[in-house]
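> Mind folding the following:
(2 chains)
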Amino acid sequence: MAGTTQKRGRASETKSRRGTEDPWYVRGLLIALAMGFSGIFLVLPLVNVFGQALAKGFKEAFGSLADPDTLSALKLTALVAVICVPLNTAFGVAAAWLIAKFEFPGKALLTTLIDLPFSVSPVVSGLLYVILFGLRGYFGPWLDSHDIQIIFAVPGIVLATLFVTFPFVARELIPLMQAQGSDQEQAALTLGASGLQTFWHVTLPSIKWGLLYGVILCNARAVGEFGAVSVVSGHITGVTDTLPLRIEKLDKEYNAVAAFTIAALLALLALLTLGIKTWLEHRQLRELELAQTSSDQPDEH
Amino acid sequence: MASKRFHLLPGFGLTLGYTLTYLSLIVLIPIGALFLRVTDLSWAEFWKIAVSDRAMASYRVTFGSALIAAIINAVMGTLLAWVIVRYRFPGRRILDALIDFPFALPTAVAGLTLANLFAEKGWLGSGLALVNIKVAYAPAGIVVALIFIGIPFVVRSLQPVLEDFEIEVEEAAATLGANRFTTVTRVILPTLMPAILTGFSLAFARAIGEYGSVIFIAPKEFEITPLLIWYRLEEYDFHGAMAIAVVMLVISFFLLITVNLLERWASRFQR
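Numbers count the residues shown, from 1 in each chain, chains lettered A, B, ... in the order given. Below is the predicted model of the structure:
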């Protein structure tokens, strides 16, 4: 990322850019193609969400949010995110510390295993927990005899969401902490700081933007997960429907305004996520530039 | 080389124990349980389910549409990355930020809005209906949904490579008499190829497993494999669901390994 600004400076220094610049008509055509493609596939779908939600006016849209079943879906979705995001954040920090700061056999394998949930289809992810905790699963009969319900209940939704959002924070932090090395931590420890103090005052401040980035991505996925949750939820209206599942149900009932109003709510959250992400990247870039001008230490990335 | 210096840092035992325990509980044990449970079936029974007509038809739909979408994403993603990194024009930053929109948007919302947009009465569908093209509730709809969810992968794999690309190399090619077309096809594209392939595989892998966005827009007769698993579960055909899930998991693992190898190969091209 830091390379961009350097390059831009260098490119403008170059007097002649003949042979490295595309002719104006190529530029114009490519920009038009890029704009056309992203207009159809990115902008229109987004605008359409709000257009359909407000098709019958604000009153109708906001009124549909007051539906008790929709409100209960909203609460469930918030609950799931509130449980899953901190758990996977704690894991992500621990895993990144382990992988970035230590050398041990099997490290590459461990890194790959952490990414594993990304490559599992959401429906299969849900199925995994049905096999463990469903009525015909490994622990099903025992759970049933003790009156504990996991599948078709809230715990199953939490577990499936934990699985699909598992790698997000770790994925952001591992390369970041690897690039930063551990010289600063070594210095703090040599000066007598405890391990926890070192982490809190040295490591955390230097990874905070990357950490925040991982957290908001993890949150976006936790709120929006559909396939995995769909398998374990049981679709009990007002009880185990999350917001995305509620959208599906309302769509099937041909209640377009209500479905699109929830969709608009989730789209706003997505836009907020993108906004925070863009802001974080700017911050990171600025801090990197500051670090580069204050010391000549080259950064790797 | 630095192993000696690492001895000072605390927390190895703690983070190792925590990471392995949590990883096992959430990921490894559930996946292990699937592979263990599927052995209820004999090899012949497993194979019969895995290659049944309905399963084969679903593989064709899933892999066919994922392949088409990933190819379109590779081409358009390369174009988008090039335009964003190389050109300056109004709206460039917004375009750059919007590329990640499919990552942030819940798949159900994507499916809902795309189905509506491309439906016969939708903003785009009504225009396409004039020329007799049906997208929503037709096979093309599946591809449209998979294009949407795959957009970020190629662009984001390519961007850092393009940003690091030495403009001097292009200058050298131009100085040596290559015209712009030759420079692009012989110098620039080969350098970008590993990153394009990485992005392509990531988009393909993601598209194969995709469920949420597709089921909103797909026609009834064209069943993707995740939907077939879902139907099997609904029919209480536990073993049928597991057998097909195992097929999907094995394919995903191979793709994951491919992506890892590609990424390692690609990183050799980036300093």
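
> Pull up the gap between whichever residue of the stretch 151-271 of chain B sits closest to chain A and B:Ile167, please.
Nearest residue of the stretch 151-271 of chain B to chain A, counting by CB to the nearest CB: B:Ala174, 2.3 Å away. Where you see a C-beta, it was placed from the backbone N, CA and C, and this is true even at glycine. Going from B:Ala174 to B:Ile167 by CB to CB, to the nearest Å gives 10 Å.

> Now do the shared contacts for the two.
Residues touching both B:Ala174 and B:Ile167 (CB atoms under 8 Å, 6 or more residues apart in numbering or on different chains) are A:Thr20.

> more neighbours, these two?
B:Ala174 (20 against 15; other CB atoms under 10 Å in any protein chain shown).

> Mind listing what's buried along the helix or strand hosting the more buried one?
For B:Ala174, the host element (DSSP states H and E) is helix B:167-175. For helix B:167-175, the neighbour count (16 or more other CB atoms under 10 Å in any protein chain shown) marks B:Glu170, B:Glu171, B:Ala173, B:Ala174 as buried.

> If you average the pLDDT over that helix, what comes out?
Averaged across helix B:167-175, the pLDDT comes to 82.

> what packs against that helix?
When contacts are defined as 3 or more CB pairs under 8 Å, 6 or more residues apart in numbering or on different chains; DSSP states H and E, helix B:167-175 packs onto helix A:2-13.

> could you give the mean pLDDT of whichever helix or strand comes after the helix it packs on?
For helix A:2-13, the succeeding helix or strand toward the C-terminus, using DSSP H and E, is helix A:24-38. In this model, helix A:24-38 has a mean pLDDT of 94.

> hmm, helix A:24-38 touching chain B?
Yes: contact of helix A:24-38 with chain B (CB under 8 Å from any CB of the partner chain) involves A:Val26, A:Arg27, A:Leu30, A:Ile31, A:Leu33, A:Ala34, A:Met35, A:Phe37, A:Ser38.

> among those, which ones are buried?
Buried members of these, scored by 16+ other CB under 10 Å, are A:Arg27, A:Leu30, A:Ile31, A:Ala34, A:Met35, A:Phe37, A:Ser38.

> Closest one to A:Lys101 out of the residues you listed, please.
A:Ser38 (40.1 Å; CB to CB).

> Let me know the helix or strand that the most centrally placed residue in chain B is in.
Relative to the mean C-alpha position of chain B, the nearest C-alpha, by CA atoms, centre = their mean, is the one of B:Ala203, at 2.1 Å. Assigned by DSSP H and E, B:Ala203 belongs to helix B:189-209.

> Run through the neighbouring helices and strands of that helix.
For helix B:189-209, the elements it packs on are helix A:122-133, helix B:53-86, helix B:139-164, helix B:238-267, judged by 3+ CB pairs under 8 Å, 6+ apart.

> how does it look with 10 Å?
helix A:122-133, helix B:53-86, helix B:139-164, helix B:225-234, helix B:238-267 (3 or more CB pairs under 10 Å, 6 or more residues apart in numbering or on different chains; DSSP states H and E).

> Nearest to A:Asp251, out of those?
The nearest among the helices and strands packed on helix B:189-209, by CB to CB, is helix B:139-164 at 14.4 Å.

> between the closest one and helix A:24-38, how many degrees?
Here the directions of helix B:139-164 and helix A:24-38 differ by 130 degrees (axes from the mean of the first three to the mean of the last three CA atoms, to 10 degrees).

> what separates helix B:139-164 from the chain centre, distance-wise?
Its chain's average C-alpha position is 8 Å from that of helix B:139-164, according to CA atoms, centre = their mean, to the nearest Å.
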